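>>> Here is the input, now give the coordinates:
(2 chains)
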Protein chains: 2
Amino acid sequence: MLPDEVMETARAEMLNYDGTGMSVMELNPGGPEFLDILTCAENKLRSIMNIPQNYKILFLQGGATTQFSAIPLNLLSEHRCADYVLSGLFSKKASIEAKKYGDIAIAASTAGAMPTFSTVPDVKENDIRPDADYVHICYNNTVYGTRFAEPPSTGSIPLVADMTTCILSEPVDVSKFALIYASAQANIGISGLTVVIIRDDLIGNARRDTPTMLDYKVLLQNKSAYNTPPCWSIYIAKLVFEWIESIGGLEEMKRRNEKKASLIYDYLDNQSYYTSPVDKKCRSMTNVVFVTGDDKLDKKFAKEAAEIGLKNLEGHGSIGGIRASIYNAMPYEGVQKLVKFMEDFRCENPKFDT
Amino acid sequence: MLPDEVMETARAEMLNYDGTGMSVMELNPGGPEFLDILTCAENKLRSIMNIPQNYKILFLQGGATTQFSAIPLNLLSEHRCADYVLSGLFSKKASIEAKKYGDIAIAASTAGAMPTFSTVPDVKENDIRPDADYVHICYNNTVYGTRFAEPPSTGSIPLVADMTTCILSEPVDVSKFALIYASAQANIGISGLTVVIIRDDLIGNARRDTPTMLDYKVLLQNKSAYNTPPCWSIYIAKLVFEWIESIGGLEEMKRRNEKKASLIYDYLDNQSYYTSPVDKKCRSMTNVVFVTGDDKLDKKFAKEAAEIGLKNLEGHGSIGGIRASIYNAMPYEGVQKLVKFMEDFRCENPKFDT
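Sure thing, here's the model as predicted:
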């Protein structure tokens, strides 16, 4: 979903951006109009996330999955050693990809939790190898509905975080991370764009055979335009950044997201028809995972919800169940409608064994 | 530029795609509506380019520049040897990138032509090493305004072609190529999408440390959706493919492009104010390069043209001069307007030394 205000602006400007007579889709990617959009997007993001000046911002293609490769290719030193924290599907994928490029250890994992990944690891500095080039975490686990309540302390070892499904949902202290990356399709805008925020001392050490389009130094030197950037996705991101600024920034975004998440978690906590497998200490604010305890009912729930416009409530294919993704663009009214549907569904579909 | 029909459809469907009540930008990338767009885009492209069944089509991110790395990573065999034909800026960049991964030889080059790259090499089978894993060419050279009139014969060695700025401008015999790739922003649609058309026997041999997002086998097995695809760019491509089909396919596209190119080349050939440095045998049908012979006049030309809506006529920064890119979406009337402006400019800006 995109905020209504963003969609309206995009539609209004679609055939004639800023008096150019052209769509943003038709602007010369090297011309002043698009460069202005790119600069504006970068400045707005820096402002709303309060990104320190010694961090650089890159607007890239390829999704977070491309960063699973780019991170070890750029950040591993000669002895090639990094530690990964396993908290779900994407942290696991990131660690498997990194093994192509170095000696990767699992610093901590909740794969063995019951059910698997229903909580996030309590990472201790002792878990981290002192010679690790970096520690990688996935800050919000989309599939399992968990998140880190705060960044683990990694001492002097750079902390790298995949924030694809939680970036911009609330303020974060960027200085606690060495690198933050996120695909755009959850809270930044639309697919086809990836944002990388990187502390500048980590740039310039890419392995010699790193594909040029994955080399942070080259990408930075060319201001995210070494080749033609994904102009339309960057334009939409700029509109989203402006929207966040207009509503009052990330503090207000957090207030709205907490209010939405509370509505659904409070409901879950006060009935027994639906259960959430997630450890309460690390409940995601953006992905709410729950089950009825009956696979068929879970599927019926998602199907009937879709019929009244509550779409994409199926849990991830790997675990089933139900998942409500309540990203920034989802209004409070959307969550109210969901909770009302949950209650209606509960009444209309009694479980005979309870 | 995008065809007017494409822009109008995109705008009309922007807030409500096919009765879903959602924009294509908001569709679930794994849901049936978007998968239908993806399948439709692939089928239309296969139909209009007459792509044989033993060729696979991939819709990817990262631009042609990412393919400069992906091609050697996927196509080089154990002895890692490939031959590149140098005909301009991008073929040179592709060859430099490939050197990271193997023993790359220059089979032929027109870098030494006067002026540089004003013609394309006459590649002979003898120029190609018999053990080369592939031969790489750039079929249309955007910066220098040249193109191959037909694919060079490489015998049994697979021929790989960057067609970023000529794909879909006319029919090509796909079976003469092993792999064709193109960024989308010239004739396919908008930036943020790259199309790869690959003969299936070349898939599955990627180097072990190939980034997953560059491994053709993984990308194909996941039908271009190993991670979230660039949905909006794929949607625009689908609309462009439908538009090409609706006007009569690539034969009609070629007829229109030849008519546009002839108008401007005929004008160039019948006056002496402007000169084209390009060998007539290999004039590009999509990028027309010419000069006044006076750098200041060239810049004045581009500036004054922009003022009447003829934008982006500056030559590439590396060579200067003037370049008219007359891709598929440029109507005949646009070229008429350009030629009229050329004549007006000639009259109003006499060169005193001629």
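
>>> near chain B, which residues of the stretch 251-354 of chain A?
The stretch 251-354 of chain A comes close to chain B at residues A:309, A:311-312, as judged by CB under 8 Å from any CB of the partner chain. Placement of C-beta: from N, CA and C, glycine included.

>>> The stretch 1-150 of chain A too?
A:1-2, A:7, A:10-11, A:14-15, A:21-23, A:25-26, A:28-29, A:31, A:61-66, A:68-70, A:73, A:97, A:100-101.

>>> Just the buried ones from those?
A:1-2, A:7, A:10, A:14-15, A:22-23, A:25-26, A:28-29, A:61-66, A:68-70, A:73, A:97, A:100-101 (16 or more other CB atoms under 10 Å in any protein chain shown).

>>> Looking at the residues you listed, which are in helices?
Judged by DSSP state H, helices contain the following of these: A:7, A:10, A:63-66, A:68-70, A:73, A:97.

>>> Those: which two are farthest apart?
Using CB to CB, these span at most 36.6 Å, a distance reached by A:Met7 and A:Leu73.

>>> Quick one: list the elements packing against the helix or strand containing A:Gln336.
A:Gln336 belongs to helix A:332-348 when assigned by DSSP states H and E. Secondary-structure packing of helix A:332-348 (3 or more CB pairs under 8 Å, 6 or more residues apart in numbering or on different chains; DSSP states H and E): helix A:249-269, helix A:295-307.

>>> could you dump these to TSV with mean neighbour count?
Output for the helices and strands packed on helix A:332-348, formatted as TSV (neighbours: other CB atoms under 10 Å in any protein chain shown):
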stretch	mean neighbour count
helix A:249-269	17
helix A:295-307	16
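
>>> can you redo those helices as TSV with mean pLDDT?
Formatted as TSV, the helices and strands packed on helix A:332-348 follow (pLDDT from 0 to 100):
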stretch	mean pLDDT
helix A:249-269	98
helix A:295-307	96
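
>>> in the stretch 51-200 of chain A, which spans are helices?
For the stretch 51-200 of chain A, the helices defined by DSSP state H, counting those that start in this stretch cover A:63-75, A:89-98.

>>> ok, back up a step: tell me the angle the helix holding A:Gln336 makes with helix A:295-307.
Inter-element angle recorded for helix A:332-348 and helix A:295-307: 140 degrees (by axes from the mean of the first three to the mean of the last three CA atoms, to 10 degrees).

>>> what's the angle from helix A:332-348 to helix A:249-269?
Between helix A:332-348 and helix A:249-269, the angle comes out at 10 degrees (the same axes, to 10 degrees).

>>> can you pull out the strands in the stretch 101-250 of chain A?
With DSSP state E, counting those that start in this stretch as the criterion, the stretch 101-250 of chain A has strands at A:103-109, A:135-138, A:140-141, A:146-147, A:159-162, A:179-183, A:194-199.

>>> Reformat the ones you listed as CSV; add mean neighbour count and mean pLDDT.
Putting the strands of the stretch 101-250 of chain A into CSV (neighbours: other CB atoms under 10 Å in any protein chain shown; pLDDT from 0 to 100) gives the following:
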stretch, mean neighbour count, mean pLDDT
strand A:103-109, 19, 98
strand A:135-138, 28, 98
strand A:140-141, 30, 98
strand A:146-147, 26, 98
strand A:159-162, 26, 98
strand A:179-183, 26, 98
strand A:194-199, 24, 98
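
>>> need the contact list for A:Asp122.
A:Ala108 (CB atoms under 8 Å, 6 or more residues apart in numbering or on different chains).

>>> Look at it and report its pLDDT.
Looking at A:Asp122, its pLDDT reads 95.

>>> roughly how far apart are it and chain B?
Applying CB to the nearest CB, to the nearest Å, the value for A:Asp122 to chain B is 29 Å.

>>> cool, and A:Ser175?
Counting by CB to the nearest CB, the gap from A:Ser175 to chain B is 29 Å.

>>> In this structure that residue contacts A:Pro52, no?
Yes: the pair A:Ser175 / A:Pro52 is scored as a contact, 5.8 Å apart, by CB atoms under 8 Å.

>>> Which residues lie in contact with A:Leu60 in this structure?
When contacts are counted by CB under 8 Å, 6+ apart, A:Leu60 touches A:66, A:193-196, A:219, A:224.

>>> Kindly recompute the last result at 6 Å.
A:Thr194 (CB atoms under 6 Å, 6 or more residues apart in numbering or on different chains).

>>> Could you list everything it pairs with in the sheet?
Legend: beta-bridge partners of A:Leu60 under DSSP bridges are A:Thr194.

>>> Now the spatially most central residue of chain A. Its backbone dihedrals?
Residue closest to the mean C-alpha point of chain A, counted by CA atoms, centre = their mean, is A:Thr164 at 1.6 Å. Backbone torsions of A:Thr164, given as degrees, to the nearest 10, read phi -50, psi -40.
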